[in-house]
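J.: Whatever this is, show me its structure:
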Amino acid sequence: MFNILVIDDDMILRDSLSKCLEKLGCDVSTADTAETGIQKIQKVHFDAIFASLCMHSIGGRGIARWVRKNNGSDTKFFITTSWKGELEKELLHYDGIHDVIRKPFSFSEVRDKVLEHLG
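T.: Numbering: from 1, shown residues only. I've put the predicted structure just below:
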């Protein structure tokens, strides 16, 4: 179906999202740091990338900006976060972020966002 990368430094959350995406028939790769994720992006084309908003080094918005600048616009980018506040849609769009998925992950939300943005 789709080739997807999940970048999150929390192993439990990374595995949880990966399992949701695998249930949808996606081919899922993972990275536990932004740097590892960027290395994978340089080698493989991903249809979508899911990255945690907050990580130890580069956060999800920084990765999204790198992808937008270096990888073209055909990759859909999702921020994952447990923050309950609203993120400004204009800033997200400027960074190349297509949507936000809340933690803890709900299979139905992940499914709906994948279908909405990837078809």
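
J.: tell me the contacts of Ile26?
T.: Wrong residue type there; residue 26 is Cys, not Ile. Cys26 makes contact with Met1, Phe2, Asn3, Ile4, Val114, according to C-beta atoms under 8 Å, 6 or more residues apart in numbering. To be clear about C-beta, it is placed using only N, CA and C from the backbone, and glycine gets the same treatment.

J.: Among those residues, the buried ones, what's the PyMOL command?
T.: Only the buried entries of the contacts of Cys26 go into this PyMOL selection, using 16 or more other C-beta atoms under 10 Å:
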select buried, resi 2+4+114
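
J.: Greatest separation within the contacts of Cys26: which pair is it?
T.: Asn3 and Val114 (12.3 Å; C-beta to C-beta).

J.: ok so, going back, turn the contacts of Cys26 into CSV, columns for distance to Val67.
T.: Below are the contacts of Cys26 laid out as CSV (distance: C-beta to C-beta, whole Å):
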residue, distance to Val67
Met1, 20
Phe2, 16
Asn3, 14
Ile4, 13
Val114, 17
